[in-house]
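# Give me the fold of what follows.
(2 chains)
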Amino acid sequence: MFQRKNIPLLATFGVLVVLLVVASVLYRNFLTPLNFANILRNYAFLGVIAVGMTFVILSGGIDLSVGTVMGFSTILLARLISVQGVPALPAICVVLAVGCAFGAGLGLVIHTYRLPPFLVTLSGMFLAKGISFVILPSAQKIDSSWFAELASFKLKVFGNAPLTVTTMIFFAVVSIGIAIAHFTRFGRNVYALGGAESSAVLMGLPVGRTKIAVYAISGCCAALGGIMWAMNSTSGNPAIGLGTELDAIACVVIGGTLLTGGVGYVVGTLAGVLVFGTIATVIRFQGLESSDARIALGILLLAFITMQRIVVQGAARGSRMAT
Amino acid sequence: MRGVRKTFPGVVALDDVAFTVRSGEVHALMGENGAGKSTLIKVLTGVYPKDAGVATFAGREIAPRTPLDAERAGIATVYQEVNLIPELSVAENIMLGRQPKRAGFLQWKEIRRRADEALARLGLEIDSSRAVSSYSMAIQQMVAIARALYLDAKLLILDEPTSSLDEQEVAELFGTMRRLKDDGLGIVFVTHFLDQVYEIADHITVLRNGGLVGEFEKAQLPRLELIAKMLGKQVAEVEKVGATLAIGTPGETDGPALLEARGLARTGSVAALDLEVRRGEVVGLAGLLGSGRTETARLLFGADKRDAGEVRLEGESAALAHPAEAIAKGIGFCSEDRKSEGIVPTLSVSENIILAMQAGRGMLRKLPKAKQLGVANHYIEALKIKTPSPETPVENLSGGNQQKVLLARWLCMQPKLIILDEPTRGIDVGAKGEIEKLVESLRADGMAILFISSELEEVVRACNRVAVMRDHGKIGELVGAQIEEHAIMELIAAHEE
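You can find the predicted model right below:
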């Protein structure tokens, strides 16, 4: 655990603890179960998208389409339920399948034509945005009592802190993500792919299949994120989502995953999302603008990637000495 | 394999080659750079598809389309550049893609246990939970072999396995190879080291220019004849080349130092050392792998920053804090790792050659196209670079020719001092001889050369003065007639407490 490459991960948890301590000193009612539950509820959708992004980045890629795929999913869900009259549960399944297929398609193009993921997913981002407005040009309320009930369902824990369905989904996705990353061949292949793709090919690992699956997972997580966003607002909106992909990337990187691939942990992304959410909430407690949250995040992100570079360089020098 | 043919754009890499390996033998595959050894192996293991020909394996015809196909058929390969995932653990690297599972979940304990078993089969006892990148190249090589052998392979292909190993490690590897051979495994051994071929191989197949020269029994192929076959020359000619190389050993030169380093040090990489290089002198840095030779060179070039000491160039103190400064002051550096630190693989031969020259002129003063080609052609001819045209991407050339392109890049800057870090690694006898001759002619023209090599005989032949290194420090210096292989080895050994 205390290996050099784990330093960024430990640092993230350190920052999270410091943030929470400072915030609880500044504001007496910050570190309450209620407030914490609110942070989780507000950022669960981002967390789910970030878990998907973690796999993409671990594999050495990037997925810029997740933000608009999320927006696309909210409006697709709204249209299916409110206009088409599809029952909520089948509608949710359709949206998940579409997101998954969309991601898989991008992965297929990236793998087959050996195109840079940045450009392919950028195209996917525009595509998803455009289609959203074709589905419905403006926000649409979701008329389904079952969906509304699901969205407002809460478990009371720790003295009345509400644990919403979205929060539970977030925790479930993180747990499944950890299990996939560390206890399946597929997960280890993702690490191998991001660590050294040419070696992975020569080792006989199923590189193409792994790559396509990684983007499919990311697309599926983006769709799930969209469904969760729709639960929070009981509506769909074709205009939202742009920029969310960058928030997700920031969470993953703050969580200690190297943008170059091959090194990182899903649990780090959980910490990254909590840091992200805590900073935004602190800024709101302070009564400042959301632009200040962006500034704080920008500085923090810069500090993290600088630290990662220093750690990686130090490790490289260490291994040169050992030979 | 019979009648194998493979073409790349503009190059016929293999033409009608036949190759037979029996079980229970070590079969050496020999040839100069560009002879087609690597291509043959990549065809055999499914990395490239073949254009024509038949391959049979254990009586059945095979046509592996991916490395996985070949692996399933029982052909295991360890490539020249160790192909492992540096950040993952040793155990994981051995077991990737074949981890034991229960109900879909990986059994980490079982992974560790089986990996340790595979390592034990090679007589290796290391902590398999540590990252591969934390071990030396030699260990990484062994890990790669352990991985290759994990499945019940019937044929093991070792592509240049010894090029980054020291003598002790080579001996260990050979012990392992003999054990595997006795187990009935067929082993294909690709190497440039003749001594090693004669030590371990049973049969030798020689390739030249993508064609088959022949298959020979080791006992019936004297060394000189093998070299002649590889070079496509007569035995007498080869003897002559050997003789001129030996005579070429230059004597000691006097005169003021071009480069003078005093107390040069960097914490954790080089202990304080003094070094002088004069004009018209080849100074060698000898020592085992990891003795600090490359680190010293990087300090002199400004690629790493020194913590202490002073460097004087032509009598004037020089900071050398950055490679750009070193280049401006007339120092060239051909790095050891030509793949990742030197060559830009997708640029053409001529673009690679003029890269540093253009950088020296600045971005806005582009070198005229005609001049570029002129310079490139001059060096292609002078260094005998084998390329279809100056516009061919460098990645399509063989290792030795890539090395020459790198050398040409620095030579067209007309440096006063050139640092050659392992210029002959991974290239064949013929090209080695040519590079040594080149070094000698540069020296004769008054250039100062710092020559780093793991091959002692090469150091002995090429250098006027040799600084011997050990454990990140300089432990002695040999001049002129003192320079002999055993003298260097004695120095290294004597220092051992």
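
# and the closest residue to residue A:211 other than its chain neighbours, how many neighbours?
On the basis of C-beta to C-beta, 6 or more residues apart in numbering or on different chains, the spatially nearest residue to residue A:211 that is not a chain neighbour turns out to be residue A:111, at 4.7 Å. In this view, the C-beta of every residue, glycine as well, is placed from N, C-alpha and C. The local packing of residue A:111 (other C-beta atoms under 10 Å in any protein chain shown) involves 19 other residues.

# Per-residue confidence at residue 280, what does it come out as?
If you meant another chain, say so; for now it's chain A. The predicted local distance difference test score for residue A:280 is 84.

# Correction: the question concerned chain B.
On the pLDDT scale, residue B:280 is placed at 84.

# what's the distance between the closest residue in space to it that isn't next to it in sequence and chain A?
Excluding its sequence neighbours, the residue lying closest to residue B:280 (C-beta to C-beta, 6+ apart) is residue B:446, at 4.9 Å. With the distance defined as C-beta to the nearest C-beta, to the nearest Å, residue B:446 ends up 34 Å from chain A.

# quick one: secondary structure of residue B:446?
Put simply, residue B:446 is coil when judged by DSSP: H, G, I helix; E, B strand; the rest coil.

# Can you give me the pLDDT of residue 2?
Reading this off chain A. The confidence metric pLDDT takes the value 49 at residue A:2.

# My question was about chain B, not that one.
Predicted confidence (pLDDT) at residue B:2: the value is 53.

# do residue A:257 as well
In this model, residue A:257 is scored at 90, pLDDT.

# for the residue nearest to residue A:138 when sequence neighbours are not counted, what are its contacts?
The shortest distance from residue A:138 to any residue other than its chain neighbours is 7.2 Å, reached at residue A:238 (C-beta to C-beta, 6+ apart). Residues near residue A:238 by C-beta atoms under 8 Å, 6 or more residues apart in numbering or on different chains: A:71, A:72, A:74, A:75, A:129, A:132, A:133, A:135, A:136, A:137, A:138, A:139.

# what's whichever strand or helix holds residue A:189 packed up against?
Assessed by DSSP states H and E, residue A:189 sits inside helix A:185-195. Other elements packing on helix A:185-195 under the criterion 3 or more C-beta pairs under 8 Å, 6 or more residues apart in numbering or on different chains; DSSP states H and E are helix A:33-58, helix A:165-183, helix A:197-202, helix A:207-233.

# and those helices, which one is worst for confidence?
helix A:197-202 has the lowest average pLDDT among these, namely a mean of 86.

# And the contacts of that one?
A:60, A:189, A:192, A:193, A:207, B:47, B:67, B:77, B:79, B:83, B:84, B:85.

# Residue B:112: what's it in contact with?
Residues in contact with residue B:112 (C-beta under 8 Å, 6+ apart) are B:91, B:128, B:129.

# ok, now residue B:77?
Contacts here follow C-beta under 8 Å, 6+ apart; on that basis residue B:77 touches A:202, B:41, B:45, B:67, B:70, B:148, B:156, B:157, B:159.

# cutoff 7 Å now
B:45, B:148, B:157 (C-beta atoms under 7 Å, 6 or more residues apart in numbering or on different chains).

# Return only those of those found close to chain A.
When the contacts of residue B:77 are checked against chain A using C-beta under 7 Å from any C-beta of the partner chain, none falls in range.

# Mind checking which of these are in helices?
Cross-referencing those against helices under DSSP state H gives residue B:148.

# now the contacts of residue B:77 in TSV, with pLDDT?
Shown next, in TSV, are the contacts of residue B:77 (pLDDT from 0 to 100):
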residue	pLDDT
B:45	83
B:148	85
B:157	90
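
# from memory residue A:269 sits against residue A:48, does it?
No: with contact defined as C-beta atoms under 7 Å, residue A:269 and residue A:48 do not form a contacting pair (10.1 Å).

# Report how many residues lie close to residue A:13.
The number of residues packed around residue A:13, counting by other C-beta under 10 Å, is 17.

# for chain B, what are the nearby residues on the stretch 51-200 of chain A?
By the rule C-beta under 7 Å from any C-beta, the part of the stretch 51-200 of chain A lying against chain B is A:183, A:184, A:185, A:188, A:189, A:191, A:192, A:195, A:196, A:199, A:200.

# any chance of those in a markdown table, plus neighbour count and distance to residue A:147?
Conversion of these to a markdown table gives the following (neighbours: other C-beta atoms under 10 Å in any protein chain shown; distance: C-beta to C-beta, whole Å):
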| residue | neighbour count | distance to residue A:147 |
| --- | --- | --- |
| A:183 | 18 | 33 |
| A:184 | 16 | 32 |
| A:185 | 20 | 37 |
| A:188 | 24 | 38 |
| A:189 | 24 | 37 |
| A:191 | 24 | 38 |
| A:192 | 30 | 41 |
| A:195 | 26 | 42 |
| A:196 | 20 | 45 |
| A:199 | 21 | 47 |
| A:200 | 27 | 42 |
